[in-house]
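Trainee: Here is a sequence with its predicted model. Questions after.
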Amino acid sequence: MTKEEQIQIKRKGYALAMRYLENANDALKNAVRNGKLFNDPKYVSSASGIAYRGALVALDTWLQLKGIGLPKSNERGRKKGVSVDIYRKHLAKLDKKFLQDYNILYDTLHLAGYYDCVLITDTIDTGFAAVKNIIERINPEVQSA
């Protein structure tokens, strides 16, 4: 893959991931902070899911730049999501810091925020910080992939 192709992949992935993050931030504003808790579990859950999806877009882009293709369908040809274990396997081989950010993201936003509707602001803020770290990995303005 040429340098120009890499830049184009980064631009496309970064723009989409940032769009998800902006939408997640907008949804989180509707949850209304009340001290150390959010008031509305619906918006926390929604924002957490949107932010997590944005991070996955960035992660998929980063892995693509590293030459790693992820499965897009199962053996029956049906579309499926990529398993958390597949992400962890690749990240463990390539970048331990990135793996740490992914694990934080998965635990705080995907599990706690999205599924369990945890309303603790510090937990959700930690997850959003991990999303930003992951998205920054594909920032086209930064030289390394």
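Mentor: Done, it's in. Numbers count the residues shown, from 1 in each chain.
Trainee: any chance you could map the strands in the protein?
Mentor: Using DSSP state E, the strands of the chain run over 33-34, 37-38.
Trainee: and the last one, what does it pack onto?
Mentor: Packing contacts for strand 37-38, counted by 3 or more CB pairs under 8 Å, 6 or more residues apart in numbering; DSSP states H and E, involve helix 121-136. Where C-beta positions appear, they are placed from N, C-alpha and C, glycine not excepted.
Trainee: Flag every buried residue along the helix it packs on.
Mentor: Going by neighbour count (16 or more other CB atoms under 10 Å), the buried part of helix 121-136 is 121, 123-124, 126-128, 130-135.
Trainee: would you list those residues in TSV and tack on pLDDT and distance to residue 66?
Mentor: Output for the buried residues of helix 121-136, formatted as TSV (pLDDT from 0 to 100; distance: CB to CB, whole Å):
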residue	pLDDT	distance to residue 66
121	97	34
123	97	30
124	97	29
126	97	26
127	97	24
128	98	25
130	96	19
131	97	20
132	97	20
133	95	17
134	96	14
135	97	16
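Trainee: which among those residues gets closest to residue 5?
Mentor: Relative to residue 5, the closest of those is residue 135; by CB to CB it sits at 20.1 Å.
Trainee: which stretches of the protein form helices?
Mentor: Assigned helices in the chain, in chain order: 3-29, 41-65, 84-94, 96-105, 121-136 (criterion: DSSP state H).
Trainee: Would you reformat the ones you listed as JSON lines and include distance to residue 115?
Mentor: Shown next, in JSON lines, are these (distance: least, CB to CB, whole Å):
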{"stretch": "helix 3-29", "distance to residue 115": "16"}
{"stretch": "helix 41-65", "distance to residue 115": "8"}
{"stretch": "helix 84-94", "distance to residue 115": "13"}
{"stretch": "helix 96-105", "distance to residue 115": "14"}
{"stretch": "helix 121-136", "distance to residue 115": "13"}
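Trainee: Just tell me which of those ends up closest to residue 142.
Mentor: helix 121-136 (7.1 Å).
Trainee: how distant is the closest one from the center of its chain?
Mentor: 9 Å (CA atoms, centre = their mean, to the nearest Å).
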